[in-house]
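[1] please find the sequence and the predicted model below.
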Amino acid sequence: MGNTFDIRLESLANPALRAPVAGSAEQGSAAPTRGTFYLETFGCQMNEHDSEKVAGLLLARGYQQVETVEAAGLILYNTCSIREKAAQKVFSRLGEYRGLKGDGKKIAVLGCVAQQEGEDIFTRAPWVSLVCGSASYRKLPELLAQVEAGAQRVTGLDNDTDETFETEMTRRDNPWRAYLTIIEGCDKSCAYCVVPFTRGPERSRDSNRILQELKQLADFGYSEVQFLGQTVNSYSDPSARKMKFSELLIAAAQVPGILRVRFTTSHPRDFTPDIMEAMDAHQAICNHVHLPAQSGSTRVLRAMQRSYSREDYLEKISLIRAAKRRTAITTDIIVGFPGETAAEFDDTLSLLDAVKYDGVYSFKYSPRPNTPAATMAGAIPDDEQSRRLALLQEKQRAIQAETLQRFTGENFEVHVDGKSKKENSWYGHSSCNRVVSLNSPHPDLLGKYVNVRVTGCTANSLLGEHVVGVSGAVLAAPELD
Ligand code: SAM
Ligand code: SF4
């Protein structure tokens, strides 16, 4: 996602900071070293987490992860095809590695581009040995065994599965915040979106297994979990417990050691009052909702097949605003959908004014293969799409600047997840997912929860001072954000 709300934490790329998983090669697994692999990920958090699981699977098989293509025997690209540019990036990366197969290296294309392009990838890039979509990851061990045995064109392209991707081991990149996919695929059929084609039908994980994994994560020292799903709140427990999504959030918030529970992405249609009630009643459920609107025009929403109107969406916003806890709201917007008139685009601008989002991820509409919107009349020229995108982003910048300034003087509990180069300077996230930079003379705040008084802001983040003692647990003082 084009990200203005969150930041990437460079420190987390440092292997020394990564939490090893029990039984991993880092912890001295008995498995013999098989070879080395390099894994590059494109796209969303679900892809990042899939990569963590693929890496865990390879480590369990005796592979070692390396940081460069040059040092690797097996090169894997976990790809994204949500917009055309993302898919093109993958082919240009593959072009860079033409000839590597001659060096004895094996190249694998995983994820959404693999599923979308299928065997055509072998024609465009004959140096690729394996093409595997995310719905086939559970077959990866056997597919990799075929590649290791010298097979040239191995594929895993099933898409009509009812299984989820379960691994015994996951190689998590962040030592404090763990991603946990609770629902895979998507059954909604938004007219612009490739996800139902590339990730297959909706399948939810058994709540018992989710909570068991979460307890293990807490035992390993993770204090924050982020539940993932394309439509995370459409979760439908396949176990006999039949837990509702809100009940799962509450159960997660009650796991000893878990101090923050996040979830993304919520679909507006399935955002029900019980979710807000759970958030109000349980401080550990973070006060942030990512609720993609896509457009502020009911006519465009219908054409997008989003299954809600502008008014329905604003009702969900009222539900969140009426909660006891002040909750941050972020969204995704597509500009220049086929047939979007100037007045309909103005409706989207007015939605920004009505909601006052804390962050907006905005995109120019990009036609995708197989989707109904790709053949719709009324394509908006690229320069007009760019103009609308710039207007929308300018408006959001102004809204955010006003919102952020209002926090001066308030206190936030911040989970510190990085150290800046400047002396005594750290950064982290509030429960509502705001990035906060803070000054503190404390020698080591990484992974700690601290109380911060806000003294100012930049365009996208808050600045503050560490004011209370360091705590490894939730602060005694009530959260003020
Ligand atoms: N499942 C989420 C939902 O229902 O909103 C979104 C998942 S999608 C990976 C992330 C965002 O990409 C979408 O919310 C949408 O704004 C954007 N997106 C998806 N398809 C797109 C397309 N064809 N062109 C431009 N943006 C697109
Ligand atoms: Fe795509 Fe719509 Fe499913 Fe989100 S809900 S993944 S936008 S089809």
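    The structure has been received and is ready for your questions. All figures in this text were calculated on a predicted structure; none of them were measured in a lab. Ligands and ions are numbered 1, 2, ... in the order given.
[2] where do the strands sit along the stretch 201-350 of the chain?
    Under the criterion DSSP state E, counting those that start in this stretch, strands of the stretch 201-350 of the chain are mapped to 203-204, 224-228, 260-264, 288-290, 328-335.
[3] for ligand 2, what's the nearest residue on the stretch 1-150 of the chain?
    residue 82 (8.3 Å; C-beta to the nearest ligand atom). Just so you know, the C-beta spots here come from the backbone N, C-alpha and C atoms, and that holds for glycine as well.
[4] for residue 427, grab the count of nearby residues.
    Residue 427: 21 surrounding residues under other C-beta atoms under 10 Å.
[5] what residues does the chain have near ligand 1?
    44, 82-83, 192-193, 195, 230-231, 265, 267, 292, 294, 332, 334, 363, 365-366, 368 (C-beta under 6 Å from any ligand atom).
[6] on that earlier part again, could you dump the strands of the stretch 201-350 of the chain to CSV with mean neighbour count?
    Putting the strands of the stretch 201-350 of the chain into CSV (neighbours: other C-beta atoms under 10 Å) gives the following:
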stretch, mean neighbour count
strand 203-204, 20
strand 224-228, 22
strand 260-264, 24
strand 288-290, 24
strand 328-335, 22
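[7] got a list of what the residue of the stretch 1-150 of the chain closest to ligand 2 touches?
    43-44, 112, 193-195, 368 (C-beta atoms under 8 Å, 6 or more residues apart in numbering).
[8] check residue 262 too.
    By C-beta under 8 Å, 6+ apart, the residues touching residue 262 are 224-227, 286, 288, 433.
[9] rebuild the contacts of residue 82 as a markdown table, extending it with secondary structure and neighbour count.
    What follows is these, written out as a markdown table (DSSP: H, G, I helix; E, B strand; the rest coil; neighbours: other C-beta atoms under 10 Å):
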| residue | secondary structure | neighbour count |
| --- | --- | --- |
| 43 | coil | 22 |
| 44 | coil | 19 |
| 112 | helix | 27 |
| 193 | coil | 21 |
| 194 | coil | 24 |
| 195 | helix | 21 |
| 368 | coil | 21 |
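[10] hmm, which two among the residues you listed are most spread apart?
    Using C-beta to C-beta, those reach their maximum pairwise distance at 44 and 368, which is 14.8 Å.
[11] distance of the residue lying closest to residue 60 once chain neighbours are set aside relative to ligand 2?
    Residue nearest to residue 60 in three dimensions, not counting chain neighbours: residue 169, with 4.8 Å by C-beta to C-beta, 6 or more residues apart in numbering. Distance, residue 169 to ligand 2, using C-beta to the nearest ligand atom, to the nearest Å: 28 Å.
[12] what's the helix or strand for residue 169?
    If you go by DSSP states H and E, residue 169 is not part of any helix or strand.
[13] before we move on, what about the one 10 residues further on?
    In this structure, residue 179 sits in strand 177-181 according to DSSP H and E.
[14] now the angle between strand 260-264 and that strand, please.
    Here strand 177-181 points in a direction 40 degrees away from that of strand 260-264 (axes from the mean of the first three to the mean of the last three C-alpha atoms, to 10 degrees).
[15] show the subsequent helix or strand relative to strand 177-181.
    strand 183-184.
[16] pull the contacting residues for residue 343.
    By C-beta under 8 Å, 6+ apart, residue 343 lies in contact with nothing.
[17] sec struct for residue 90, please.
    When classified by DSSP: H, G, I helix; E, B strand; the rest coil, residue 90 comes out as helix.
[18] ok, it touching residue 112?
    No. Contact criterion C-beta atoms under 8 Å: residue 90 and residue 112 do not qualify, at 9.2 Å.
[19] find residues that contact each of the two.
    Contacts common to residue 90 and residue 112, judged by C-beta under 8 Å, 6+ apart, are 79-81.
[20] identify the residues contacting stretch 117-129?
    87, 91, 94-95, 97-102, 106-109, 113-114, 131, 147, 151-155, 157.
[21] give me that answer again for 6 Å
    94, 98, 101, 106-107, 109, 131, 147, 153, 157 (C-beta atoms under 6 Å, 6 or more residues apart in numbering).
[22] just checking, which helix or strand of this structure averages the lowest pLDDT?
    Between all helices and strands in the chain, the lowest mean by mean pLDDT, DSSP states H and E belongs to helix 84-96, at a mean of 90.
[23] can that one be found next to ligand 2?
    No. On the criterion C-beta under 6 Å from any ligand atom, helix 84-96 is out of touch with ligand 2, staying 14.0 Å away.
[24] list the strands paired with the host helix or strand of residue 414, with their directions.
    Assigned by DSSP H and E, residue 414 belongs to strand 411-419. Strand 411-419 has its sheet partners listed here by DSSP bridges as strand 425-430 (antiparallel), strand 449-457 (antiparallel).
[25] ligand 2: which of the strands of the stretch 201-350 of the chain is closest?
    Ligand 2 sits nearest to strand 328-335 of all the strands of the stretch 201-350 of the chain, at 8.1 Å, using C-beta to the nearest ligand atom.
[26] using PDB, write out every CA atom in that closest one.
    Extracted as PDB, the C-alpha positions of strand 328-335 are listed here (Å, rounded to 0.1, in the frame of the first residue of the first chain):
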ATOM      1  CA  ALA A 328      -8.600   6.200  14.800                       C
ATOM      2  CA  ILE A 329     -10.100   5.400  11.400                       C
ATOM      3  CA  THR A 330      -8.100   4.900   8.200                       C
ATOM      4  CA  THR A 331      -9.300   4.000   4.700                       C
ATOM      5  CA  ASP A 332      -8.500   3.000   1.100                       C
ATOM      6  CA  ILE A 333      -9.800   5.100  -1.800                       C
ATOM      7  CA  ILE A 334      -9.700   4.500  -5.600                       C
ATOM      8  CA  VAL A 335      -9.900   7.500  -7.800                       C
END
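[27] how about the helices in the protein?
    Using DSSP state H, the helices assigned to the chain run over residues 45-60, 84-96, 112-117, 120-124, 140-148, 195-198, 207-220, 245-253, 273-281, 298-303, 310-321, 342-355, 382-405.
[28] looking at the contacts of residue 82, spot the one nearest residue 393.
    Checking the contacts of residue 82 against residue 393 by C-beta to C-beta gives residue 44 as the nearest, at 20.0 Å.
[29] filter the shared contacts of residue 90 and residue 112 down to the ones in strands?
    residue 79 (DSSP state E).
[30] closest to residue 410 among the shared contacts of residue 90 and residue 112?
    residue 80 (36.8 Å).
[31] quick one: contacts for that closest one?
    Taking C-beta under 6 Å, 6+ apart, we find residue 80 in contact with 42-43, 47, 86, 112.
[32] let's see 8 Å
    42-44, 47, 86-87, 90, 111-113.
[33] same check on residue 332?
    1, 265, 290, 292-294, 360-363.
[34] beta-bridge partners for it, please?
    residue 361.
[35] what pLDDT does it get?
    According to the per-residue confidence, residue 332 scores 98 in pLDDT.
[36] just for the protein, where's the confidence low?
    Within the chain, the segments meeting pLDDT under 70 span 1-34, 99-102, 468-481.
[37] who in it is up against ligand 2?
    Contact residues (C-beta under 6 Å from any ligand atom) of the chain with ligand 2: 186, 188-190, 193, 195-196, 230-231, 267.
[38] again, only this time at 8 Å
    186-190, 192-196, 199, 230-231, 265, 267, 292, 294, 306 (C-beta under 8 Å from any ligand atom).
[39] wait, residue 464 sits on residue 437?
    Yes. Residue 464 lies in contact with residue 437 (C-beta under 8 Å); the separation is 7.3 Å.
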